[in-house]
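Colleague: Curious how this folds, go ahead:
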Amino acid sequence: MPKTKAPSKTKKPAAKKAAAVDHHEPEHKTAEKVMETVLKEQIIEATTERLDQWVTIECPHCGEGTELHVIADMDGQTIDQDCGVCARSYVAHVEIDEGEVHVGTEAA
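Modeller: Next up is the predicted model:
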């Protein structure tokens with residue numbers, strides 16, 4: 001009986017590994033791009049100045065002073081308040097212009 005040579009198994013696994021790396025490479029590059037975008041957004045977010053201040057306002061009824069916490073998202077909003085002293089309602093109008101906060105109050 002003639003001897004036959006058994007096929008070599010060392011080449012096939014190497015070919016499969018190469019194919020596996022090529023198959024996942026686009027996913028790896030996509031993940032890198034996503035991570036770069038997220039890191040850029042975080043850097044921009046960290047360096048952006050945020051408006052966050054307390055503004056003194058007065059009740060239009062009794063003149064009692066109180067503070068209103070103002071953030072950038074409140075630009076153009078109207079806020080209903082009740083005075084802590086006379087318990088009457090008033091409205092505070094918030095306007096933000098180039099980082100400056102302007103709050104006006106009027107009786108409700």
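
Colleague: so what are the domain limits for the protein?
Modeller: 10-48, 52-107 (automatic domain parsing).

Colleague: Please convert those to a markdown table, extending it with mean neighbour count.
Modeller: The way it works is simple: take the backbone N, C-alpha and C, and place the C-beta from them, glycine included. Listed next are these as a markdown table, based on neighbours: other CB atoms under 10 Å:
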| stretch | mean neighbour count |
| --- | --- |
| domain 10-48 | 9 |
| domain 52-107 | 13 |
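
Colleague: mean pLDDT for those: which is lowest?
Modeller: Within the domains of the chain, confidence is poorest for domain 10-48, with a mean of 70 (mean pLDDT).

Colleague: Closest to the centroid, which residue in this structure?
Modeller: The geometric centre of the chain, computed from its C-alpha atoms, lies nearest to Glu45 (CA atoms, centre = their mean), at 7.3 Å.

Colleague: Let me see the ranges of the strands in this protein.
Modeller: Shown for the chain, the strands assigned by DSSP state E span residues 52-58, 65-71, 78-82, 89-97, 100-107.
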